[in-house]
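*Asks:* take this sequence and fold it.
(one chain, ligands or ions: 1)
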Amino acid sequence: MLKRLLGFLRRLSGLRRISVAILGATGLVGQRFVKLLSSHPFFEIKVLTASERSAGKKYKEAAHWLLGGDPPEPASEMIVQETRVEALSDVELVFSSLPSEAALKVEPMLAEQGFKIVSTASAFRMDPLVPMIIPEVNPSHVSMIERQREEKHWKGFLVAKSNCTTMPLVISLKPLLDAFGLRRVVTVSLQALSGAGYPGVQSLDIVDNVIPFIKGEEEKLQAETVKILGEPFRPLNIPVLASVNRVPTLDGHLLHVFAELEKDFEPEEVKRVLREFKPLPQRMGLYSAPDPVIQVRDEEDRPQPRLDRDYKGGMGVVVGRVGKCNSLTVKYAVLSHNTVRGAAGGSILVAELLREMRLV
Ligand SMILES: NC(=O)c1ccc[n+]([C@@H]2O[C@H](COP(=O)([O-])OP(=O)(O)OC[C@H]3O[C@@H](n4cnc5c(N)ncnc54)[C@H](OP(=O)(O)O)[C@@H]3O)[C@@H](O)[C@H]2O)c1
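*Replies:* Next comes the predicted model:
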């Protein structure tokens with residue numbers, strides 16, 4: 001009887017859509033949030049915020065919409081608010097796509113007031129008490145929330161998702177770590193223009209060019225990878241070396257990866273392990289979880305940003321060029337969509353996991 005009642009209540013709470021706010025809603029990542037959440041079964045957009053420049057305008061007037069067509073209803077007609085606590089009174093969950101400097105001030109203040117925040121900003125990713133969650137890789141890091149609340153005296157909580165370039169790297173490394181063990185990782189990235197936000201990189205700097213530098217990005221890739229692949233509060237103790245480039249593609253970050261494993265391997269074995277990777281969100285059937293999360297291609301010239309970034313609506317990760325450098329080092333290329341999987345879509349998947357765990 002009790003079991004049936006609990007099942008009924010669970011189904012009932014599953015029907016209720018959770019009220020959400022998007023902070024930084026007019027930016028490139030904010031637009032992806034608006035698009036993905038406008039038709040989401042569990043989350044309902046209640047508030048859109050941005051800077052003073054946009055506050056008071058209709059969303060369709062404030063956002064320089066870059067995703068084709070028009071902004072979806074009803075968001076397009078909503079009035080953009082200033083990013084302040086007072087604007088969020090009816091909201092349970094906050095998706096933050098603020099620039100880091102703004103996030104640094106706003107996010108702890110909101111968490112202290114009791115808001116539950118999933119952030120795409122880098123401001124608190126390396127805070128030892130803030131879990132950086134990729135549901136396919138480290139769902140157990142959700143357990144860090146309890147200590148975060150205790151030690152920071154927050155009524156709400158803050159969860160970060162990783163940098164958009166770290167995302168495909170760790171999703172592809174996780175099955176290799178589990179199956180073969182990892183000793184060292186070297187990676188070189190080719191990152192799309194949308195990774196720099198809007199208006200981003202000046203056209204005269206990037207057309208007919210590659211820029212072999214993105215401020216702070218190599219350090220983020222190195223530190224985030226070991227934090228995510230480790231245990232809660234205990235980063236994985238391996239060296240990760242990264243070199244990054246900005247290239248003139250619009251969306252989709254491509255990385256070349258050289259991973260030294262602990263065991264000898266055959267490339268076909270690595271491909272099989274990647275193809276068979278079925279982590280928790282896919283087993284739970286979370287709404288935004290792509291299944292399979294990793295597509296392995298055999299052609300010698302894939303993945304490519306233009307052809308492969310939309311795999312599984314931009315939520316999947318595409319691997320190719322799997323080969324053997326020496327007895328322990330596997331090389332491959334990996335790609336994912338930076339503003340979908342690497343930002344808004346990745347954050348929504350985190351929120352779906354938190355909902356499933358009854359934390360929102
Ligand atoms: N682009 C990516 O691929 C990517 C991937 C992962 C993570 N991220 C992170 O996600 C965040 C957003 O990136 P983005 O590419 O969307 O940047 P963006 O295009 O520059 O958008 C920034 C957004 O923040 C708002 N904003 C700016 N200053 C503000 C302030 N002081 N107070 C409140 N709102 C303010 C802007 O509003 P106005 O329109 O009114 O100026 C806009 O809505 C950044 O932290 C970035 O590092 C980006």
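*Asks:* what parts of this structure come near the ligand?
*Replies:* 24-30, 50-51, 53-54, 83, 97-100, 102, 120-122, 164, 194-195, 197-198, 338-339, 342-343 (CB under 6 Å from any ligand atom). In this view, the C-beta of every residue, glycine as well, is placed from N, C-alpha and C.
*Asks:* residue of the stretch 101-250 of the chain closest to the ligand, please.
*Replies:* residue 197 (2.9 Å; CB to the nearest ligand atom).
*Asks:* ok, the closest residue to that residue other than its chain neighbours - contacts?
*Replies:* The shortest distance from residue 197 to any non-neighbouring residue, by CB to CB, 6 or more residues apart in numbering, is to residue 28 (5.3 Å). Contact analysis of residue 28 by CB atoms under 8 Å, 6 or more residues apart in numbering lists 66, 194, 197, 198, 200, 339.
*Asks:* correct me, but residue 303 touches residue 333?
*Replies:* Yes - the pair residue 303 and residue 333 passes the contact test of CB atoms under 8 Å, sitting 6.1 Å apart.
*Asks:* which residues do those two both contact?
*Replies:* With CB under 8 Å, 6+ apart as the test, residue 303 and residue 333 both reach 254, 319, 320.
*Asks:* ok, those vs residue 174, which is closest?
*Replies:* residue 319 (12.2 Å; CB to CB).
*Asks:* helix, strand or coil: sort out that closest one for me.
*Replies:* Put simply, residue 319 is strand when judged by DSSP: H, G, I helix; E, B strand; the rest coil.
*Asks:* report the contact partners of it.
*Replies:* Residue 319 neighbours (CB under 8 Å, 6+ apart): 172, 274, 294, 295, 296, 297, 303, 332, 333, 334, 335.
*Asks:* bridging residues for it?
*Replies:* residue 296, residue 334 (DSSP bridges).
*Asks:* could you break this protein into its assigned domains?
*Replies:* 2-163+344-356, 166-337 (automatic domain parsing).
*Asks:* which residue ranges form the helices in the stretch 251-360 of the chain?
*Replies:* Using DSSP state H, counting those that start in this stretch, the helices found in the stretch 251-360 of the chain span residues 267-275, 280-284, 305-308, 345-356.
*Asks:* least confident secondary structure element in this structure?
*Replies:* In the chain, the helix or strand scored least confidently by mean pLDDT, DSSP states H and E is helix 2-15, which has a mean of 48.
*Asks:* quick one: the helix or strand that that helix is followed by to helix 345-356, angle?
*Replies:* Using DSSP states H and E, the next helix or strand after helix 2-15 towards the C-terminus is strand 18-23. Angle, strand 18-23 to helix 345-356, by axes from the mean of the first three to the mean of the last three CA atoms, to 10 degrees: 150 degrees.
*Asks:* now strand 18-23: average pLDDT?
*Replies:* The average pLDDT within strand 18-23 is 98.
*Asks:* next SSE downstream of that strand?
*Replies:* Downstream of strand 18-23, the next assigned helix or strand under DSSP H and E is helix 28-37.
*Asks:* can you list the helices and strands that the next helix or strand after that following helix packs against?
*Replies:* Counting by DSSP H and E, the next helix or strand C-terminal to helix 28-37 is strand 43-50. Packing partners of strand 43-50 (3 or more CB pairs under 8 Å, 6 or more residues apart in numbering; DSSP states H and E): strand 18-23, helix 28-37, strand 81-82.
*Asks:* distance from the chain centre to strand 43-50, please.
*Replies:* 19 Å (CA atoms, centre = their mean, to the nearest Å).
*Asks:* what does stretch 159-167 give?
*Replies:* Distance of stretch 159-167 from the chain centroid (CA atoms, centre = their mean) equals 5 Å.
*Asks:* pLDDT of it, averaged?
*Replies:* For stretch 159-167, mean pLDDT rounds to 97.
*Asks:* and if you look at stretch 190-209?
*Replies:* 97.
*Asks:* give the buried residues for that stretch.
*Replies:* For stretch 190-209, burial by neighbour count (16 or more other CB atoms under 10 Å) applies to 190, 191, 192, 193, 194, 195, 196, 197, 201, 206.
*Asks:* and it, end to end?
*Replies:* Stretch 190-209 has an end-to-end distance of 12 Å (criterion: CA to CA, to the nearest Å).
*Asks:* now do it: everything it contacts.
*Replies:* So stretch 190-209 is in contact with 27-29, 64, 66, 99, 164-165, 210-211, 214, 217, 244-255, 305, 338-339, 342, going by CB under 8 Å, 6+ apart.
*Asks:* now the residues you listed: which count as buried?
*Replies:* 27-29, 164-165, 214, 217, 244, 246-247, 249, 251-255, 305, 338-339, 342.
*Asks:* who's in contact with the residue in the chain that the ligand sits nearest to?
*Replies:* Across the chain, no residue is closer to the ligand than residue 27, which sits at 1.9 Å (CB to the nearest ligand atom). Residue 27 makes contact with 50, 97, 197, 198, according to CB under 8 Å, 6+ apart.
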